[in-house]
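Undergrad: Model the following, please.
(one chain, ligands or ions: 1)
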Amino acid sequence: MISEKMKGFVANSSAIRAMFEEGQKMAAVYGADHVYDFSLGNPNVPAPEAVKDAIVDIVQNENPILVHGYMNNSGYPDVRETLARHLNAQFGTQYGAANVIMTVGAAGGLNVVMKTLLNPGDEVITVSPYFGEYRAYVGNFDGVLIESPADPGTFFPDVADMEKRISEKTRAVILNSPNNPTGVVYPSSVLKEIAALLERKSAEYGAPIYLISDEPYREIAFDGVEVPWLPSIYRDTIVGSSYSKTLSLPGERIGYLVIPSELTDFANVTAAVNCANRILGFVNAPSLMQKVAARCCAEKTDVAYYDRNRKLLYGSLTEYGYTCVKPEGAFYLWVKSPTEDERLFTTKAKEDEQILIVPGRSFGREGWVRIAYCVSYETIEHALPGFKRIADYYGL
Ligand code: PLP
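TA: Numbering: from 1, shown residues only. So this is what the prediction gives:
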């Protein structure tokens, strides 16, 4: 018998994962070249060569007891120091090892933060559409996820709406920019408005409302758009990130949190994060990958690869008559469904054209779909005629 709570999670289990698995089955039937799987954010760009070199060198030349052993639950101090210096060089900050905590991907980091902050019934606000796993990460610790719909035109946060949803139960706000699923990058003007709102509300309720900046796509931004550093805008910000997307290492489960010293209750928060990493059973982030991250943190993924895909997909779909949000970051295209119930569109795409795309309701927004374009250029090229036939079918 499984727990009542787990029954709920299983029943609402990730539609994206289910689709990915269906895609694998379809590939066995139609042949991998005839299935166009845009479901999962699994990068198709290989990790930089430097990652392989680092793994080989560390395994061959460093002390295996240290490389594969336990360490402080927050990670190797020298790795954390290296990442802190790398951040300081980019953002003009003064972080040290104490401000960086190594985690099991961004997902592990977010769970650690939720465990650290939430009492049962506490509320966490996020902007919808949103990465659907937030619901589970908040629910894991008996918190309640509150959705604040994005501005329907820009898909930026609607600060006036967010204000209405803040109460004395609000413990945190999660922002994700560059955004999954919309591909938008939040401008500093909007972030400053949110900061002012949270400062005001924190003062009103006499307790900090923490801002959690979930930014695994920070380095995947196009056309020179700026991705603002949120701790420089709002004091009570915790940043969560990973190397899943920016170094194409999603299966290696390596990420980190940045907790600035100015954060309210810094000493207790960092002690609790350290403890949460351990008692959630992560114990610590993967040891070899921590060392790889320290050596490769300045490496870049092939942003031009994603940009080329973006241009082809966005350009073509817009030309066929689809309404799309022009992505400025990450590797997702957010497209308005040509029919009201977007599940009819995704089913048609799957059954008639072997194109796998994800219904917007997986991200808390009906009537839209997400297309993950972290695939090969050829996959997009070969899928385009199918998208065109569907556009014609719906009379776009
Ligand atoms: N946050 C967002 C917005 C994501 O899209 C993802 C993964 O797709 C994650 C967090 C989790 O990333 P990780 O693989 O580093 O745990």
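Undergrad: Tell me the residues of the chain that contact the ligand?
TA: For the chain, the residues in contact with the ligand (CB under 6 Å from any ligand atom) are 41, 105-107, 131, 176, 180, 214, 216, 242, 244, 250, 255. C-beta: built from backbone N, CA, C; applies to glycine.
Undergrad: Now intersect the residues you listed with the helices, please.
TA: Among these, DSSP state H puts 105-107 in helices.
Undergrad: Pull the most distant pair out of the residues of the chain next to the ligand.
TA: 176 and 250 (16.1 Å; CB to CB).
Undergrad: which residues are contacting the lowest-mean-pLDDT helix or strand in the chain?
TA: The weakest-scoring helix or strand in the chain, judged by mean pLDDT, DSSP states H and E, is helix 15-30 (a mean of 80). Residues outside helix 15-30 that contact it (CB atoms under 8 Å, 6 or more residues apart in numbering): 35, 37, 39-40, 42, 132, 350, 354, 356, 358-359, 362.
Undergrad: May I see the buried residues of it?
TA: 15-16, 19-20, 23, 26 (16 or more other CB atoms under 10 Å).
Undergrad: where along the protein do the strands fall?
TA: 36-37, 100-103, 123-128, 144-149, 170-175, 210-214, 237-242, 255-258, 324-325, 332-336, 355-356, 358-359, 368-372 (DSSP state E).
Undergrad: Relative to residue 83, which of those is closest?
TA: Comparing those under CB to CB, the one sitting nearest is strand 100-103, at 4.9 Å.
Undergrad: Provide the strand pairings for that closest one, with the direction of each partner.
TA: Using DSSP bridges, strand 100-103 pairs in its sheet with strand 255-258 (antiparallel).
Undergrad: Could you give the separation of the strand it pairs with from the chain centroid?
TA: Computed by CA atoms, centre = their mean, to the nearest Å, the chain-centroid distance of strand 255-258 equals 13 Å.
Undergrad: Can I get it as CSV, trimmed to CA atoms?
TA: Extracted in CSV, the C-alpha atoms of strand 255-258 (Å, rounded to 0.1, in the frame of the first residue of the first chain):
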residue,chain,number,x,y,z
GLY,A,255,23.9,21.8,-9.3
TYR,A,256,24.4,24.5,-6.7
LEU,A,257,22.7,27.1,-4.5
VAL,A,258,24.0,30.6,-3.9
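Undergrad: Touching it from outside, list them.
TA: In contact with strand 255-258 (CB under 8 Å, 6+ apart) are residues 75, 80, 83, 87, 95, 99-109, 112-113, 216, 231, 238-244, 273, 285, 293.
Undergrad: Nearest residue to the residue of the stretch 201-350 of the chain found nearest the ligand in space, please, no chain neighbours.
TA: Closest contact between the stretch 201-350 of the chain and the ligand, by CB to the nearest ligand atom, is at residue 242 (3.1 Å). Distances taken as CB to CB, 6 or more residues apart in numbering put residue 255 closest to residue 242, at 3.1 Å, once the chain neighbours are dropped.
Undergrad: Specify the beta-bridge partners of that neighbour.
TA: When bridges are called by DSSP bridges, residue 255 pairs up with residue 103, residue 242.
Undergrad: Next, the distance between the ends of stretch 92-109.
TA: From its first residue to its last, stretch 92-109 covers 24 Å (CA to CA, to the nearest Å).
Undergrad: Ok, stretch 324-342 next?
TA: Stretch 324-342 end-to-end distance (CA to CA) = 14 Å.
Undergrad: Can you give the distance from that stretch to the centre of its chain?
TA: Distance of stretch 324-342 from its chain centroid, counting by CA atoms, centre = their mean, is 17 Å.
Undergrad: Low-confidence stretches in the chain?
TA: For the chain, the stretches flagged by pLDDT under 70 are 14.
Undergrad: State the phi and psi torsions of the residue nearest to residue 114 when sequence neighbours are not counted.
TA: Computed as CB to CB, 6+ apart, the closest residue to residue 114 that is not its neighbour in sequence is residue 141, at 4.8 Å. Main-chain dihedrals, residue 141, degrees, to the nearest 10: phi -110, psi 30.
Undergrad: need the contact list for residue 143.
TA: 114, 118, 120-124, 171.
Undergrad: before we move on, back to that, with respect to residue 145, which of the contacts of helix 15-30 is nearest?
TA: Using CB to CB, those come closest to residue 145 at residue 132, 10.0 Å.
Undergrad: So which residues of this structure form helices?
TA: 4-11, 15-30, 49-61, 64-67, 77-91, 105-117, 133-139, 159-165, 188-205, 266-279, 287-296, 303-320, 342-353, 377-393.
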